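Engineer: 3D model of this:
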Amino acid sequence: MRLSIFNIMFDFVNKIWIRDMGLLTIDGIEEGMILKSDVRDRSGRLLLGSGAELNAKHIRMFRTWGVMEADIIGIDDQACCASFAADVDPECMVVTENELRPLFRNADLSYPAMGELFRLCLLRKVRNEFR
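Structural biologist: Numbers count the residues shown, from 1 in each chain. So this is what the prediction gives:
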């Protein structure tokens, strides 16, 4: 079997980037919380390593560099979903999701990387449009 760049990226994404975690949006992060994994900016530069206890300066730095969420110790997926759902009107979420669907019409959203990309796009669009 010949390895293609697609196969290599598929393995990399599934093993490294897509994992079970409880991501908390930047608005839900508070001082004293501890990072479960590294926080990186959009270009991949390390901003703060895992295990660090967050303070106001860190949270301000995340906002400055466009970090939208962080993996926090003790936070599970249900808590994250409940936190996000409380912040956003469900009708706004549906409207935004319907706007994004045509952009992903050729994508298989059951594929973990594409599903995560769709989720992140939805999160960013909702956050930017309905502040």
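Engineer: Return the set of buried residues in the longest helix seen in the chain.
Structural biologist: With secondary structure taken from DSSP state H, the chain has its longest helix at helix 112-129. Neighbour counts over helix 112-129 (16 or more other C-beta atoms under 10 Å) mark 113, 118, 122-123, 125-127 as buried. C-beta coordinates here come from the backbone N, C-alpha and C atoms, glycine included.
Engineer: pLDDT averaged over that helix - what is it?
Structural biologist: Helix 112-129 shows a mean pLDDT of 84.
Engineer: Ok, stretch 92-107 next?
Structural biologist: Taken as a whole, stretch 92-107 has an average pLDDT of 90.
Engineer: Number of residues surrounding the closest residue to residue 25 other than its chain neighbours?
Structural biologist: Leaving aside its sequence neighbours, residue 25 sits nearest to residue 69 (C-beta to C-beta, 6 or more residues apart in numbering; 5.2 Å). By other C-beta atoms under 10 Å, 20 other residues sit near residue 69.
Engineer: Run a quick check on residue 69 versus residue 36, I expect a contact.
Structural biologist: No. Between residue 69 and residue 36 there is no contact under C-beta atoms under 8 Å: 11.7 Å.
Engineer: So which residues of the chain form strands?
Structural biologist: All strands of the chain, identified by DSSP state E, fall at 23-25, 39-40, 46-48, 69-71.
Engineer: partner strands of the shortest one, parallel or antiparallel?
Structural biologist: Spelled out, that is strand 39-40. Sheet pairing of strand 39-40 (DSSP bridges) gives strand 46-48 (antiparallel).
Engineer: quick one: the residue nearest to residue 25 and residue 24, what's the gap?
Structural biologist: 6 Å (C-beta to C-beta, to the nearest Å).
Engineer: What are the structural domain limits within the protein?
Structural biologist: 20-76, 88-131 (automatic domain parsing).
Engineer: Please identify the most buried of these.
Structural biologist: domain 20-76 (a mean of 15; mean count of other C-beta atoms under 10 Å).
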